[in-house]
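Undergrad: here is a sequence together with a model predicted from it:
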Amino acid sequence: MCEPVGHGHSHGHGGAATAGARHRTPLLIAFALTAAYMLVELVVGLATGSLALLSDAAHMGTDLLGLGMALAAIILAQASAHPQRTFGTYRLEVLAALANGVLLFGVAGYVLFEAWQRLTSPPEVPGLPMLMVAVVGLIVNLISFRLLMAGAKESLNVKGAYLEVFSDMLGSVGVIVAAIIIFTTGWRYADPLIGAGIGLFILPRTWRLTAQALRILMEVAPAGLDVDEVQDRILRLPGVAGVHDLHIWTVTSGLETASGHVVLAEDADLHAVLDRVTTLLAEEYHVTHATIQCEPASHEDHVNPI
């Protein structure tokens, strides 16, 4: 930010807590619950020979991996930044969200493929053990789902983990329904049909998560923010004669940043103009980290390739 000596701003990246970091403990509890339940499901699946339970245990394993990546990204993002990483490691959370999205696409594809295989040759599945384990799974997933709900509204990374748990919860409901049908009627097609429904339900949410992560990585302006409108609002501030090279993007969830050039009107006070611009960005558009170059009208910029 081009500012005179004595202008009262503080800078630094190390002290900023990301939205994901504020919800690390619920994520950690969800991780532990998911790990414990996956082991139970695996043991019971092996003991009963239930393919449905073993498949769901594999599904839980991928979710556990997703939750672990989300946690690791938050912990690494909070670590001291290397001087060469001028934005710290905040983008790790976004990369984890993208990886979660890719993982969920893979899980949905696997579920649909497995459902297709079972439709052609439905295996015999013991209904009662399947039902008991699925009920325990539903309770575990409900607890994790509730724990991550608040964080999913603030952090894209936590949202990825939340969607993992959400898909698990639907999976548990589906397995319960299938287990009841199989246990009471012996109709084997219930398992693959409900499995396919769960796979299809996961896909639209996964697409939205992946699109949000790609939007941040491509440094597109935050959703709902009109850059032309922001430029027009700055231009109408007292003391501003022009605005150019304005860029607004998201570093990670809840951390919007901007850079731009503001041309000062004749006899304008630099302190006042700078404060008006940064206050407008922070209070109206939640852009809390802005680098604004204030320049006189006579200033000639170098040719800028962007």
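TA: Arrived safely.

Undergrad: all helices of the stretch 1-150 of the chain, in order?
TA: Secondary structure of the stretch 1-150 of the chain (DSSP state H, counting those that start in this stretch): helices at 24-48, 51-78, 91-120, 127-152.

Undergrad: tell me which of these sits most buried.
TA: helix 51-78 (a mean of 21; mean count of other Cβ atoms under 10 Å). (Glycine included, C-beta is placed from N, CA and C.)

Undergrad: for that helix, give the mean pLDDT please.
TA: The average pLDDT within helix 51-78 is 70.

Undergrad: just send the helices of the stretch 1-150 of the chain back as JSON lines, with distance to Thr252 too.
TA: Shown next, in JSON lines, are the helices of the stretch 1-150 of the chain (distance: least, Cβ to Cβ, whole Å):
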{"stretch": "helix 24-48", "distance to Thr252": "14"}
{"stretch": "helix 51-78", "distance to Thr252": "7"}
{"stretch": "helix 91-120", "distance to Thr252": "5"}
{"stretch": "helix 127-152", "distance to Thr252": "13"}
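
Undergrad: for these, which one sits closest to Gly186?
TA: Closest of the helices of the stretch 1-150 of the chain to Gly186 is helix 127-152, at 8.2 Å (criterion: Cβ to Cβ).

Undergrad: quick one: distance of stretch 192-204 to the chain centre.
TA: Centre-to-centre, stretch 192-204 and its host chain are 22 Å apart (Cα atoms, centre = their mean, to the nearest Å).

Undergrad: same question for stretch 162-178.
TA: The answer for stretch 162-178 is 20 Å, by Cα atoms, centre = their mean.

Undergrad: nearest to Ala268, of the helices of the stretch 1-150 of the chain?
TA: Here helix 91-120 is closest among the helices of the stretch 1-150 of the chain (Cβ to Cβ), at 36.3 Å.

Undergrad: closest one to Glu229 among the helices of the stretch 1-150 of the chain?
TA: Among the helices of the stretch 1-150 of the chain, helix 91-120 sits nearest to Glu229 (Cβ to Cβ), with 25.1 Å.
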